[in-house]
Structures are given as C-alpha cells and as structure tokens.
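Asks: turn this into a structure:
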Amino acid sequence: MPAEPDGDPSQLLRAAEGGDADAIARMRTLGTNCEARDDSVGAIRWYRQAASFHDEFSVARLKTLTGDTPVFELTHTFSDTHKMGRINDIALSADGRFAVFCANYAGERPSLWDAREWKELRRIKTRKLVVNTAFCPTGQELGLYYHYFIKGKYGGSAGLFDVANDRLLFDCDTSGWYCRRLWIHADNLIVWEDEPQGEVFLNEVTRPSGTLKKLFSGRNVLDISRDSTLLAIEAEDRSAIKIKERTTGKTRITLDVDVPSYPKGVAFSDDGKQFATQDDESVSIWDLSSQHPATVIHDPGALDRGGLAFSPDGALLAIAPGDSVLRLWDVKTGELRQTIAEQEFVHAFAFRPDGKLLVTAHDGGVMRVWQAR
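Replies: Prediction:
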C-alpha cells in the first residue's frame with residue numbers, strides 16, 4: 001500500500017472534487033504509485049485502500065475525476081445460495097422498453113427490467129440455466145440459450161420466449177454445449193456453439209416450429225458476422241486471420257496479424273464491413289475492403305474478461321480490458337471518446353440498439369447504465 005498523502009486527506013479530496021488542478025495532479029500521482037494504467041482510476045483505487053477516510057468519502061463521489069457517472073445503478077438480487085454470482089449476458093430491446101440480464105448459476109432465472117425507468121419487472125420462468133439471450137427486433141420475443149447437465153452429459157438448447165405472456169414458445173436441442181453468442185437474424189435464432197474438442201457449430205433455429213438447421217461446422221473460428229455470411233478463421237500457424245465466406249469457403253481477405261490468445265480479442269461490426277483485432281499493445285480496426293488497418297488504437301491490456309464490441313452504427317469501439325476500465329474509441333480517428341472507470345471487473349457489457357446507452361455488469365449482480373457519447 002502506498003504511503004498516505006501529506007496533509008489532511010479530506011481537504012485534498014475536497015479540493016480535487018472542486019476542480020483544483022494541483023489537488024487533481026496529486027491524486028493522479030498517488031494513482032501512479034499503484035501502477036494503474038489510468039491515473040484517475042489509480043486515484044480511486046488508492047482511496048479504496050485508504051480506509052482512514054474511505055468511509056467518509058464514497059467511491060461514487062470520486063468518479064467525478066473521470067468525468068463519467070452512471071445514469072442508473074441496478075442490482076440483480078441473487079438467492080442466498082448464489083450471493084457471489086455475476087451477470088453473464090445482457091440483452092436490450094430495440095424499442096428501448098426492456099432489458100434482460102442472465103446470471104451464471106443454475107436456478108437463477110433471468111431478470112426482466114423496464115429499461116425506461118430501470119425497475120425490475122419479474123424473473124423469467126425457465127427450468128434450465130440461461131446463459132445467453134437476445135431480443136427479436138420487435139422486442140416482444142426473446143431468444144434464449146440454455147445450458148444443462150443431464151446424466152453426466154453437458155448439452156445446450158435454444159428457444160424463443162414470449163415476453164408479454166411470460167411463456168416459452170418453443171425450444172430445441174442444439175449441437176454443442178457452450179454458447180459463444182446468440183443473436184437474431186431475419187427473425188430466426190442464430191446460435192454459435194463450441195464443443196470441448198474444439199469443434200465449432202453455427203445453427204439456425206427457424207420459426208414457428210423451432211426446427212434446427214445446421215449452417216456450418218468446423219474449427220479455428222474466431223468470430224462470425226451478424227448476417228452469418230462471413231467467418232474469421234485463424235491460419236494454421238496463427239500468423240494471420242482469414243475472412244472467409246461461409247457458404248463458398250472462399251477467402252475474401254487475409255489479415256496479416258497475430259491471432260489473439262484470448263477468445264474475445266476480435267469482433268465484426270454489426271454490418272460486417274469492419275473487423276477489430278487486439279494484441280497486447282493495441283487494437284487494429286480493419287476496413288474489410290482492404291488488407292490494411294484503417295485505424296490503430298493504442299490501448300494495452302489483456303482482454304481476459306471483457307472484450308471488444310462495436311457500437312450498433314459502427315462509429316465507436318468499446319474496449320474492456322482486464323483492469324476494470326471500459327473505454328470508447330472513435331473508429332475513424334482512433335481518438336478516445338469516453339472513459340468509464342469502475343471498481344469491479346466488467347464481466348459483460350452491451351449497447352442499446354440505438355447506441356445511446358451502454359450497460360455494464362459487475363460482481364454481485366451490480367449493473368450500471370451509462371450514456372455513450
């Protein structure tokens with residue numbers, strides 16, 4: 001623990017909150033002593049450790065140093081059995097009415113929230129562990145992916161849930177046992193799964209019967225575009241990423257970049273025209289019409305928990321490294337647009353479909369809603 005500052009710490013804190021440049025500089029120096037990547041976040045961390053005055057001045061007040069405070073803070077209340085649970089996935093409806101949060105424990109039903117007043121409405125009636133979810137365009141129906149363990153065997157199933165009438169419309173068993181991502185395209189569920197042996201499956205669950213249609217199976221798949229037409233495949237020697245057409249297998253473009261060592265270190269934009277790759281020092285954003293990165297963002301940090309995500313319009317890239325700081329970057333200029341400082345790891349995050357709000361999930365069922373700019 002770094003040495004405490006000279007003088008009265010409460011006076012230093014008040015001066016910093018009041019905008020005093022010298023006090024803020026001192027706070028940042030204290031943060032640097034903690035070897036934090038972001039000075040203002042380091043200051044918050046230092047004061048979290050300084051128990052002598054942490055109780056009097058809350059961490060929430062210290063967030064004024066970063067220039068960003070959440071619009072709302074929510075909590076998914078876990079059962080006594082799962083007090084240490086966390087939110088595994090977030091879905092926001094396109095009409096802005098609803099939000100759904102999935103926990104990471106069996107028996108913890110997904111929570112449905114009013115996304116205008118941010119009040120919990122109810123828990124969704126499900127029998128199995130829901131680990132992934134996605135709204136249909138109308139916001140009236142919700143795609144769900146279940147994970148189960150029966151008679152010594154893991155499995156997965158996908159279904160469609162009627163939000164208004166609180167009932168499951170259909171579900172069906174799928175090919176894998178771990179869901180990378182679930183989304184809606186052309187009103188059908190698209191499920192991207194893995195198996196322990198490394199096999200990747202892309203399935204479509206069609207309406208209204210819930211029939212499973214296999215679209216693709218293979219290995220070394222890093223990401224899949226939203227319209228399911230493009231696959232990001234790692235080269236055998238991991239020295240490049242190939243963007244291939246799913247139906248023909250034709251390589252559209254080869255990106256000369258080392259393959260990230262973590263699964264969330266790549267991302268397609270929603271329209272499939274851009275692709276982001278992360279290494280230990282930077283993020284490269286590729287215009288898929290060329291083989292050269294259009295923008296390079298220097299934001300070091302391993303993506304062992306958070307990951308990359310484009311905003312729905314492709315104008316921003318959210319980067320959530322393992323140090324609990326989420327940053328929004330301008331895709332065209334590579335400039336930092338917003339820093340969201342947190343005290344817990346960001347386990348999941350999602351943009352609202354209009355791109356104006358961002359929701360982050362943290363330990364203990366805590367969720368925060370931010371204005372994205």
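Asks: report the separation between the residue lying closest to Leu121 once chain neighbours are set aside and Lys273.
Replies: Distance criterion Cβ to Cβ, 6 or more residues apart in numbering; nearest residue to Leu121, sequence neighbours excluded, is Leu112 at 4.8 Å. All C-beta atoms are positioned from the backbone trio N, CA, C, and that covers glycine. From Leu112 across to Lys273, the span is 33 Å (Cβ to Cβ, to the nearest Å).
Asks: hang on, the earlier thing: now the host helix or strand of the residue nearest to Leu121: buried residues?
Replies: Leu112 belongs to strand 111-114 when assigned by DSSP states H and E. Neighbour counts over strand 111-114 (16 or more other Cβ atoms under 10 Å) mark 111-113 as buried.
Asks: just these now: which is nearest Leu215?
Replies: Leu112 (29.4 Å; Cβ to Cβ).
Asks: hmm, Arg97 and that closest one touching each other?
Replies: No: with contact defined as Cβ atoms under 8 Å, Leu112 and Arg97 do not form a contacting pair (10.3 Å).
Asks: could you break the protein into its assigned domains?
Replies: Per automatic domain parsing, the structural domains of the chain span 9-65, 72-371.
Asks: ranking those by mean pLDDT, which is last?
Replies: Comparing mean pLDDT over these, the weakest stretch is domain 9-65, at a mean of 46.
Asks: how much space between the nearest residue to Val131 once chain neighbours are set aside and Phe310?
Replies: Leaving aside its sequence neighbours, Val131 sits nearest to His147 (Cβ to Cβ, 6+ apart; 4.9 Å). Here the criterion is Cβ to Cβ. By it, His147 lies 26 Å from Phe310.
Asks: grab the nearest non-local neighbour of His292.
Replies: Among residues not flanking His292 along the chain, Trp286 sits closest, at 7.6 Å (Cβ to Cβ, 6+ apart).
Asks: surely that neighbour is in contact with Ser269?
Replies: No: look at Trp286 against Ser269 with Cβ under 8 Å: they stay out of range, at 10.0 Å.
Asks: shared neighbours of the two, which are they?
Replies: 275-276 (Cβ atoms under 8 Å, 6 or more residues apart in numbering).
Asks: what's next to stretch 146-165, contact-wise?
Replies: 98, 112, 124, 126, 128-131, 136, 139-145, 167-179, 182, 189, 191, 193, 203, 205, 207, 210.
Asks: try it again with 7 Å
Replies: 98, 112, 124, 128-131, 140-145, 168-174, 176-177, 179, 182, 189, 191, 193, 205, 210 (Cβ atoms under 7 Å, 6 or more residues apart in numbering).
Asks: pull out the buried residues from it.
Replies: Buried, per 16+ other Cβ under 10 Å, within stretch 146-165: 146-147, 155-161, 163.
Asks: going through the contacts of stretch 146-165, which ones are buried?
Replies: 98, 112, 124, 128-131, 140-145, 168, 171-172, 174, 176-177, 179, 182, 189, 191, 193, 205, 210.
Asks: surely Pro137 is in a helix?
Replies: No: Pro137 is assigned coil when assessed by DSSP: H, G, I helix; E, B strand; the rest coil, not a helix.
Asks: any idea how far Phe72 is from it?
Replies: 24 Å.
Asks: give me the three-state assignment for Cys22.
Replies: Careful, residue 22 is Asp and not Cys. What three-state DSSP gives for Asp22 is helix.
Asks: so what's it up against?
Replies: By Cβ under 7 Å, 6+ apart, Asp22 has no neighbours at all.
Asks: list the buried residues for the host helix or strand of Leu326?
Replies: Assessed by DSSP H and E, Leu326 sits inside strand 325-330. Buried residues in strand 325-330, counting neighbours by 16+ other Cβ under 10 Å, are found at 325-329.
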